[in-house]
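Let's see this in three dimensions:
(chains A and B)
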Amino acid sequence: MVAPALLWTLAFFVVPFAAMVMMSLAHMEGRDIVQGHDLGNYLKIFTDPSLRRGIFVSLEITVVVTLISVLLAWPLAWIIATRVPPRWRRIALLLAVLPFWTSYVVRSYSWALVLGEKGVVMNALVGLGLLAEPVQIMATRAATIIGFVHFFVMLLTLTIYSNLVQLSPNYARAAEDLGASRWQVIRLVILPLTLPGVMTGAFLTFVLCIGDYITPQILGGNNELSLPQLIMLQLGRRGDFPMASALSVVLMVIVTLAYAGCARWLKMERL
Amino acid sequence: MLIKQTCSVLAVMAGLASTAQAEDLNALIWCDHADPELLQPFEEAHDVRVNVKEYEGTAAGLTLLEQSRPGDWDVMVIDAVDVGRAVERGLLAPLPTEGLSTDSYFPEAVLADHTTIDGTTYAVTEKFGYNTIAYNKAAVDPADMESLDALWSGKYDGRIAIYDYYLPVLGLVGLEAGVATADLDAAALETLREPLMKLGAASKQVSDVVSSQTALATGEVDVLIGGGEWLTAVLNAENPDLDWTIPEEGGLLWAQSLAIVEGTEKPELALEFIKYVTSPEGQARLATSSCYWGMPANQAAGDVMSDEQKAILRWDDQADYLARAQLYPVPDAETDTAMQDLWTDMLQN
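Sure thing, here's the model as predicted:
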């Protein structure tokens, strides 16, 4: 019964991944790829300041995006699940996922126009007298983070919402009967019970964010390079497939570590 | 039984479909060749379908060819100055020159020194233009743009975008530092580190074609180093203030060429495609392609193009521009790696 699944995994994950690892052990001589078994590319990733910085840029952006998205998504999901009348919930959820209907690239370029010095946000802030003159958001890390958060808040809202609606209202009632305030109910009862949903959504956000090339490329202005941008640079510009493969393996290792941490936490939570 | 019959019918239909299907020509191209306005007349005339794949940068194009099987690709667009690199690696086939006269070409755009190796022609130029300064003349003083010094003066800090292609921009930084593109070797490169980093610090963004166009069009930046007619021409109708110039230090001449890929199984069709693209009609369509404009290598295209199109491309100024432009740097593998490392440092710092 599991044979098709195994074959599928073997053909479309194990074999390509093994090929990528093999390629990462090759190196460039001039413009030629020389097959080999050395760790030179990995050594270079951790000794070359530009490549090493790419890892930190990606991690910093991803952690900030994940945290902000969780902080925004949880209240939004909670409001939809508990404060919006049932007949409006479907519409509220529909509005929440509306951005998914737009192409990812189009959405990023739209943010570029919105966040520009002559864009809607700056015009409004300057027009309202809140700013004396426009400040630069576009082509900065802040623009990249805003673009990411817009996307991932929706994703997290859905995972947290599905967790919230499965919770029996009796938990909150029991806590209130025992004298807990509304805030204590949320903080000490509801929030801990939704942590598995939060962790699952946060992990998905982490994986999608750290591997994304489009958003930092369009909104970040190429003023710093994330790991996926460095991978694209090796492939598209330098034709350095071995280094691109090594960077991809590093990316895979980071994601695997994040998964291991998440899985371990969820298992402990269950215990 | 029903399944068998259905499969048989599908197999027959598939067979019929494949015989009725037009022949394919596979082209490794730059985005201007993906324009249906350019491809459709050829496809209809020869009852073929042109399948295109875009690539960016010669290194990536050559790697793509090397990773492919012989016959996968029929024609390739390549920087004229890089034809030698491709020939050296055995990736291009000799190009029959019968019917491919360059007599009506702009002489400076023929670049026979680069497209003909050891007496054998491997490619023919098709389009050229300049990597120089593009700017919004409503927002900057056009007189300032007559010298590259303005970009390092501090006056335009935060209003500059850098075109994200290391070869032309390093060439321009070299011109500012007094280094001719032909002299841009590994040793000369180190002298460009400081001015390049300074330019990077003065810039707001380093961007590809679309992002650069968006930034100029929306007023996000006012100057683009590395830009030229290829970037502003398509925006001319919407914003006539977007202009370009070749400063007193000079600019870089880019010239793209077409070649037949070694191992093609359709050399005749590939040659027909090249003849079409270099014909006056093909040249006019390529020059005004939706992705980017550029000067046609063949002057005879001028008879087909409108006066307005020629004015946007500064047709009448070409003699002066061509005299002042230098060719792209042609780095060896070691210098190319050093250039890309320097470029990555600029992006990452």
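
What about residue B:188, how many residues nearby?
Neighbour count for residue B:188, taken as other Cβ atoms under 10 Å in any protein chain shown: 16. For every residue, glycine as well, the C-beta is placed using N, CA and C.

my bad, residue A:264
Residues within reach of residue A:264, counting by other Cβ under 10 Å, total 10.

For it, what is the enclosing helix or strand?
Taking DSSP states H and E as the criterion, residue A:264 maps to helix A:241-270.

Which secondary structure elements does that helix sit against?
Judged by 3 or more Cβ pairs under 8 Å, 6 or more residues apart in numbering or on different chains; DSSP states H and E, the packing partners of helix A:241-270 are helix A:15-24, strand A:27-29, helix A:40-47, helix A:49-78, helix A:191-210, helix A:227-232.

what about 10 Å?
Applying 3 or more Cβ pairs under 10 Å, 6 or more residues apart in numbering or on different chains; DSSP states H and E, one finds that helix A:241-270 contacts helix A:15-24, strand A:27-29, strand A:32-34, helix A:40-47, helix A:49-78, helix A:191-210, helix A:227-232.

tell me the most buried of those?
helix A:227-232 (a mean of 23; mean count of other Cβ atoms under 10 Å in any protein chain shown).

Which of the helices and strands packed on helix A:241-270 has the lowest mean pLDDT?
Of all the helices and strands packed on helix A:241-270, strand A:32-34 carries the lowest average pLDDT, namely a mean of 87.

Check whether that one comes into contact with chain B.
Yes. Contact of strand A:32-34 with chain B is found when judged by Cβ under 10 Å from any Cβ of the partner chain, involving A:32, A:33.

who's in contact with that strand?
Residues outside strand A:32-34 that contact it (Cβ atoms under 10 Å, 6 or more residues apart in numbering or on different chains): A:23, A:26-28, A:239-242, B:63, B:66-67, B:89, B:333.

which stretches of the chain have low pLDDT?
Since you didn't name a chain, this refers to chain A. For chain A, the stretches with pLDDT under 70 are A:268-271.

ah, I was thinking of chain B
Confidence mapping of chain B against pLDDT under 70 gives the ranges B:1-22.

longest single strand anywhere in chain B?
Longest strand in chain B, counting residues (DSSP state E): strand B:123-136.

how about it, does it get close to chain A?
No. For strand B:123-136 and chain A, the contact criterion (Cβ under 10 Å from any Cβ) is not met; the two come no nearer than 11.9 Å.

and that strand, which strands flank it?
With DSSP bridges as the test, strand B:123-136 is paired with strand B:223-227 (antiparallel), strand B:242-245 (antiparallel), strand B:251-260 (antiparallel), strand B:295-296 (antiparallel).

C-terminal to it, what's the next element?
helix B:149-152.

Is there proximity between that following helix and chain A?
No. Using Cβ under 10 Å from any Cβ, helix B:149-152 never reaches chain A; the gap is at least 17.0 Å.

Tell me which other helices or strands the following helix or strand past that helix touches.
Toward the C-terminal end, the helix or strand that comes next after helix B:149-152 (DSSP H and E) is strand B:160-163. Here strand B:160-163 touches strand B:123-136, helix B:149-152, helix B:166-176, helix B:186-202, strand B:203-207, helix B:209-217, strand B:223-227, helix B:333-348, going by 3+ Cβ pairs under 10 Å, 6+ apart.

of all those, which lies closest to residue A:212?
Closest to residue A:212 of those, according to Cβ to Cβ: helix B:209-217, at 16.3 Å.

What residues sit buried inside the closest one?
Across helix B:209-217, burial judged by 16 or more other Cβ atoms under 10 Å in any protein chain shown covers B:209, B:211, B:212, B:213, B:214, B:215, B:216.

May I see these arranged in TSV, with distance to chain A as well?
Formatted as TSV, those follow (distance: Cβ to the nearest Cβ, whole Å):
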residue	distance to chain A
B:209	13
B:211	6
B:212	11
B:213	11
B:214	6
B:215	8
B:216	12
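
Quick one: the helices in the stretch 51-200 of chain A, in order.
With helices called from DSSP state H, counting those that start in this stretch, the stretch 51-200 of chain A shows them at A:86-97, A:104-115, A:120-127, A:141-165, A:169-177, A:182-184, A:191-210.

Going by neighbour count, which residues of the longest strand of chain B are buried?
Neighbour-count burial for strand B:123-136 flags B:123-136 (criterion: 16+ other Cβ under 10 Å).

of all the residues you listed, which comes closest to residue B:339?
Nearest to residue B:339 out of these is residue B:131 (Cβ to Cβ; 14.6 Å).

residues in the stretch 51-200 of chain B within reach of chain A, list them.
By Cβ under 10 Å from any Cβ, the residues of the stretch 51-200 of chain B that approach chain A are B:55-64, B:66-67, B:85, B:88-89, B:158-159, B:161-162, B:164-166, B:200.

Show the buried residues in those.
Among those, those that count as buried by neighbour count (16+ other Cβ under 10 Å) are B:55-64, B:85, B:159, B:161-162, B:164-166, B:200.

count of neighbours near residue 108?
Using chain A here. Neighbour tally, residue A:108, other Cβ under 10 Å: 23.

look at chain B instead
For residue B:108, the count of nearby residues is 18 (other Cβ under 10 Å).

can you pull the contacts of it?
Counting by Cβ under 10 Å, 6+ apart, residue B:108 touches B:125, B:128, B:253, B:255, B:297, B:318, B:319, B:321, B:322, B:323, B:325, B:327.

Just the element for it, please.
Going by DSSP H and E, residue B:108 is part of helix B:107-110.

chain center to that helix, what's the gap?
Put simply, helix B:107-110 sits 16 Å off its chain's centre (Cα atoms, centre = their mean, to the nearest Å).

So which residues on the stretch 51-200 of chain A come close to chain B?
Counting by Cβ under 10 Å from any Cβ, the stretch 51-200 of chain A comes close to chain B at A:51-54, A:57, A:105, A:109, A:112-113, A:115-119, A:136, A:138-140.

Filter the residues you listed down to just the buried residues.
When neighbours are counted using 16+ other Cβ under 10 Å, those contain these buried positions: A:51, A:53-54, A:57, A:109, A:112, A:115-117, A:119, A:136, A:138-140.

Widest-spaced pair of those residues?
By the measure Cβ to Cβ, A:51 and A:119 form the most distant pair in these, at 33.1 Å.

Go ahead and flag the most central residue of the chain.
No chain specified, so I'll use chain A. Note on chain A: the residue nearest the mean C-alpha position is residue A:209, at 2.6 Å, using Cα atoms, centre = their mean.

I was after chain B.
Short answer for chain B (Cα atoms, centre = their mean): residue B:256, at 5.3 Å.

tell me which element residue B:285 falls in.
Using DSSP H and E, residue B:285 sits within helix B:280-287.
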